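[1] Here's my sequence, what's the structure:
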Amino acid sequence: MGLLTVTDTTLPNQEETVTESTEFEKNQKRYKELIASFPHEKGWRPKNPLIQYGGHWLMQPRIEGCMYAQEFFQARPTDLLLCSYPKTGTTWLKALTFAISNRSRFNDSTNPLLKRNPHELVPYIEIEFAFFPNVDALKDKENTLFATHLPHGLLPESVARSGCKMVYIWRDPKDTFISMWIFYQKQKTHDGPLNSLEESFDMFCRGLSSNGPYLDHVLTYWKAYQENPDQILFLKYEKMRADPLLYVKRLAEFMGYGFTAEEEKEGIVDKVVNLCSFDTLKNLESNQGEKNMENRPSSFANSAFFRKGEIGDWQNYLTPEMAARIDGLMVEKLKGSGLLEW
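    The predicted structure follows:
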């Protein structure tokens with residue numbers, strides 16, 4: 001994630017230079033001064049420290065974006081906020097919600113998902129909203145889909161005030177860790193090498209990972225879901241993969257875009273599932289090779305968001321002892337919450 005560059009417009013006679021700065025940049029100095037006082041720890045890349053903010057570990061640009069969103073993002077009652085920890089099914093969830101809510105606007109050949117990465121169509125409130133306010137999805141007043149990796153406790157107050165709905169997706173922490181570690185290996189621009197799998201794994205278990213601790217992140221939304229199940233839809237990646245048709249219909253109903261009996265008869269649900277499937281999206285030209293997002297700079301090629309999408313791939317990377325450590329942490333952290341049995 002990079003900052004918006006300051007735009008310099010030089011007059012033809014070059015006697016005067018006019019500098020335009022974004023609203024975010026005007027607040028950035030204040031954010032940086034605050035962040036400098038927060039606890040810092042070595043990150044998965046030693047030169048990219050993790051910084052503790054609100055009980056969670058974030059990288060500095062993400063905290064700056066979070067602070068800006070907390071001050072200026074104004075959620076509307078009609079908005080839908082897609083919430084997740086990184087690498088838990090976010091890309092799939094963005095594609096599904098976009099396809100569901102826009103199915104009457106596009107046909108099989110004109111859907112933007114066929115040419116654009118899902119992340120271009122559903123903006124993050126702590127990334128695009130803060131750093132790239134001119135992306136198409138933000139300029140489109142009809143767009144009601146937004147996303148965030150922020151823990152529930154760091155969401156802007158306007159989210160609670162608006163009463164807008166939220167969808168949260170989570171995943172087995174073992175697959176989440178492996179997906180994150182391999183994803184960061186594909187980062188094009190960075191400040192030095194990535195830690196070894198073993199060192200990164202130890203940090204992940206100790207809660208030292210971007211947007212971590214992971215299980216605390218899950219719990220903040222689980223508790224919010226239990227308190228207000230009408231406002232939050234809580235999903236598990238593995239369950240959705242096992243029965244996508246059921247969960248796509250459930251997701252559409254929650255969003256207020258339920259499928260009619262006629263649509264189901266015509267196979268519209270199946271079309272949404274197929275359009276948003278891992279294989280379909282991965283094999284699109286826009287998500288191949290080194291193709292990049294069109295609406296903003298990114299440290300990752302579009303293809304980096306589509307690796308395997310499999311359940312249980314952690315078995316190819318983690319030792320039995322490592323798996324047992326995460327499973328033990330999961331039982332310890334989630335016991336009594338009801339989430340282990342859910």
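[2] Assess the claim that residue 131 and residue 62 are in contact.
    No - checked against C-beta atoms under 8 Å, the pair residue 131 and residue 62 is beyond contact range at 10.3 Å. Any C-beta I mention is one placed from the backbone N, CA and C, and that applies to glycine too.
[3] is it true that residue 147 lies in a strand?
    Yes - when classified by DSSP: H, G, I helix; E, B strand; the rest coil, residue 147 is found to be part of a strand.
[4] what residues are up against the closest residue to it other than its chain neighbours?
    Excluding the flanking residues, the one nearest residue 147 by C-beta to C-beta, 6 or more residues apart in numbering is residue 82, at 4.2 Å. Taking C-beta atoms under 8 Å, 6 or more residues apart in numbering, we find residue 82 in contact with 90, 93-94, 97, 122, 145-148, 166-167, 169.
[5] correct me, but residue 126 touches residue 66?
    Yes - using C-beta under 8 Å, residue 126 makes contact with residue 66 at a distance of 4.8 Å.
[6] quick one: common contacting residues for these two?
    Listed as contacting both residue 126 and residue 66 by C-beta under 8 Å, 6+ apart are residue 150.
[7] the strands in the stretch 151-300 of the chain, which residues?
    Ranges of strands within the stretch 151-300 of the chain are 165-170, 232-236, based on DSSP state E, counting those that start in this stretch.
[8] Can you list the strands that the longest one pairs with?
    Read that as strand 165-170. Taking DSSP bridges as the criterion, strand 165-170 forms sheet pairs with strand 80-84 (parallel), strand 232-236 (parallel).
[9] Determine which of those approaches residue 153 most closely.
    Among those, the nearest to residue 153 by C-beta to C-beta is strand 80-84 (11.8 Å).
[10] Mind exporting the C-alpha coordinates of that closest one to PDB?
    Provided in PDB are the C-alpha atoms of strand 80-84 (Å, rounded to 0.1, in the frame of the first residue of the first chain):
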ATOM      1  CA  LEU A  80     -22.600  -3.400   3.600                       C
ATOM      2  CA  LEU A  81     -19.200  -3.800   5.200                       C
ATOM      3  CA  LEU A  82     -17.200  -6.900   4.400                       C
ATOM      4  CA  CYS A  83     -14.900  -7.700   7.400                       C
ATOM      5  CA  SER A  84     -12.100 -10.200   7.500                       C
END
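[11] next helix or strand past it?
    Toward the C-terminus, strand 80-84 is succeeded by helix 90-101 as the next helix or strand (DSSP states H and E).
[12] and that next one, how far out from the chain's middle?
    12 Å (C-alpha atoms, centre = their mean, to the nearest Å).
[13] how big is the angle separating it from strand 232-236?
    Relative orientation of helix 90-101 and strand 232-236, computed by axes from the mean of the first three to the mean of the last three C-alpha atoms, to 10 degrees: 130 degrees.
[14] Show me what helix 90-101 is packed up against.
    Helix 90-101 sits against strand 80-84, helix 118-121, strand 145-148, strand 165-170, helix 244-255, helix 268-275, helix 278-282, with contacts defined as 3 or more C-beta pairs under 8 Å, 6 or more residues apart in numbering; DSSP states H and E.
[15] The strands of the stretch 151-300 of the chain: which one's closest to residue 255?
    With C-beta to C-beta as the criterion, residue 255 lies closest to strand 165-170 of the strands of the stretch 151-300 of the chain, at 7.2 Å.
[16] Buried residues, the closest one. List them.
    Residues 165-170 are the ones in strand 165-170 that count as buried (16 or more other C-beta atoms under 10 Å).
[17] which residues sit against it?
    Applying C-beta under 8 Å, 6+ apart, the contact partners of strand 165-170 are 79-85, 88-90, 93, 97, 159, 218, 221-222, 224-225, 231-237, 240, 251, 254-255.
[18] Filter those down to the buried ones.
    79-85, 88-90, 93, 97, 159, 218, 221-222, 224-225, 232-237, 240, 251, 254-255.
[19] With mean pLDDT and distance to residue 182 as added columns, please give the strands paired with strand 165-170 in JSON lines.
    Formatted as JSON lines, those follow (pLDDT from 0 to 100; distance: least, C-beta to C-beta, whole Å):
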{"stretch": "strand 80-84", "mean pLDDT": "98", "distance to residue 182": "18"}
{"stretch": "strand 232-236", "mean pLDDT": "97", "distance to residue 182": "21"}
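[20] about what we covered before: as JSON lines, the strands of the stretch 151-300 of the chain with distance to residue 75 would be great.
    Listed next are these as JSON lines, based on distance: least, C-beta to C-beta, whole Å:
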{"stretch": "strand 165-170", "distance to residue 75": "10"}
{"stretch": "strand 232-236", "distance to residue 75": "14"}
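[21] Please name whichever of the ones you listed is nearest to residue 282.
    The closest of the strands of the stretch 151-300 of the chain to residue 282 is strand 165-170. By C-beta to C-beta, the value is 18.6 Å.
[22] from the chain's centre, how far out does that closest one sit?
    Mean-position distance between strand 165-170 and its chain equals 11 Å (C-alpha atoms, centre = their mean).
[23] And stretch 320-334, by the same measure?
    Averaging C-alpha positions (C-alpha atoms, centre = their mean) puts stretch 320-334 24 Å from its chain's average.
[24] do the same with stretch 63-72
    The answer for stretch 63-72 is 16 Å, by C-alpha atoms, centre = their mean.
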